[in-house]
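Q: Let me see the structure of the following:
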Amino acid sequence: MLHGGYWRTGHRLPPVNAGAGQPPAITAIIPARNEADILPACLPSLLHQGYAGRLRVIVVDDDSSDGTATAAAGLGAAAGSAELTVVSARPTPAGWAGKVWAMSEGVRAATSGTGSAPDDGGTEYFLFTDADIAYAPGTVDRLARPAAAGQFALVSQMALLRTGNRAERLLIPAFVYFFAQLYPFRRVSERRATTAAAAGGCMLVRADALAAAGGLAQISGARIDDVALARLLKRAGGRCWLGLTTDVVSQRPYSRLADIWDMVARSAYTQLHYSLALTAGAVVGLAWLYLLPPVAAVSGVALLVAGSSGVTATWLTAAGLAGWLVMSVTYLPMLRLYGLSPLRAPGLPLIAAMYAAMTADSARRHHAGRGGEWKGRVIRADS
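A: Presented below is the predicted three-dimensional model:
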């Protein structure tokens, strides 16, 4: 209905009685590349979950140069956690994306006893999460019990992103809004719908479902690993769930407009399958949906002010204002989720124009040999 009601923010996991059996054994896997500064704000939140089942945490040091492994080990020692293991990823093989390889190294450590944490064969779910993600107490339990009760192959929650500065408040809620427009959460969660997506900061994956689908090797080259993983599991017949939450929070700051620009431009062209035609279509689509209504409204008002009383001026004004109003109303729930003023909603056309420019810049960067640049790694132009 109306594109899955993509603007709604009430799609949440149903609560499950905490006394309904033993929760599943989980191994959290955190790929970490040069994350020593942010780990102290996030890793302890997993180590202090108070989870009733078994929760192991594996930090995969992905060729860091800032002491990430030492920082993680120190946090584990301070927490008195015997369930934290830090492993160093082997060199990334040809054809593998760096993050997917680090995730795979975490699975290898969990299932083969690599490192200092021999496996007892009891891991039922992997929690793939990022180094910048913090979890409210009890969140893992609130993820795991519905996942087990509903026999989901994947349960993913979109982390609440930071909105601490002007650039973040302007652009971050819209990032989630546009993501939900591409992948309506309710459709992802429908068994029969073909829409598949996940939010990479928090993905709880059933271990046997992942193995049955062929494992992470099936998406080895994926640059957008979360969507690729969801598609893999859903095509294999697994149930997937994606929704919003305020219990999973990203601590990664985007201090400048340029930082957010880089985040979007890093992956937009990849999302569009490295196609100039699709990129042009996306840019034109954003302009058509979000820029045309205000342009029409302003043009119509200008004609009326100039003394025109024709049908064209009236129609332009009415249609433009109606379209502008509709898009603003659909943006209100996302602004409410982020605790921001509803007066920001009419600014959505300006934000859409900026995202269109970021999308175009993503294609430019790729063809300039700088596609997907992240912490010293660049997606090859022939990917």
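
Q: Next secondary structure after the host helix or strand of Val86?
A: Assigned by DSSP states H and E, Val86 falls within strand 84-88. Next along the chain after strand 84-88, taking DSSP H and E as the criterion, comes helix 98-112.

Q: next helix or strand past that following helix?
A: Next along from helix 98-112, by DSSP H and E: strand 125-129.

Q: Output that following strand as PDB, nothing but the C-alphas.
A: The C-alpha coordinates for strand 125-129 follow below in PDB (Å, rounded to 0.1, in the frame of the first residue of the first chain):
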ATOM      1  CA  TYR A 125      23.100 -16.600  15.600                       C
ATOM      2  CA  PHE A 126      25.800 -14.200  14.400                       C
ATOM      3  CA  LEU A 127      25.300 -10.600  15.300                       C
ATOM      4  CA  PHE A 128      27.200  -8.600  12.600                       C
ATOM      5  CA  THR A 129      27.600  -5.100  14.000                       C
END
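
Q: Can you check what angle separates it from helix 98-112?
A: 150 degrees (axes from the mean of the first three to the mean of the last three Cα atoms, to 10 degrees).

Q: name the helices or strands packed onto strand 125-129?
A: strand 26-32, helix 98-112, helix 139-149, strand 202-206, helix 207-212 (3 or more Cβ pairs under 8 Å, 6 or more residues apart in numbering; DSSP states H and E). Glycine gets a C-beta too; all of them are placed from N, C-alpha and C.

Q: now for these, which one comes closest to Arg166?
A: The closest of the helices and strands packed on strand 125-129 to Arg166 is strand 202-206. By Cβ to Cβ, the value is 26.7 Å.

Q: what's that closest one packed up against?
A: Using 3+ Cβ pairs under 8 Å, 6+ apart, strand 202-206 sits against strand 125-129, helix 139-149, strand 152-160, helix 225-235.

Q: Now do the contacts for the closest residue to Ala313 other than its chain neighbours.
A: The shortest distance from Ala313 to any non-neighbouring residue, by Cβ to Cβ, 6 or more residues apart in numbering, is to Leu303 (3.7 Å). Shown in contact with Leu303 (Cβ atoms under 8 Å, 6 or more residues apart in numbering): 310, 312-313, 316-317.

Q: Please spell out the PyMOL selection for the buried subset of these.
A: Listed next is the PyMOL selection for buried residues among the contacts of Leu303, using 16 or more other Cβ atoms under 10 Å:
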select buried, resi 313+316+317
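
Q: Now do the contacts for Arg239.
A: Counted by Cβ under 8 Å, 6+ apart, Arg239 has contacts 150-154, 191.

Q: Gly201 touches Ser250, doesn't it?
A: Yes - applying Cβ atoms under 8 Å as the test, Gly201 and Ser250 come out as touching, 6.1 Å apart.

Q: Which residues are in contact with each of these two?
A: The contact lists of Gly201 and Ser250 share 130, 132-133, 159, where a contact means Cβ under 8 Å, 6+ apart.
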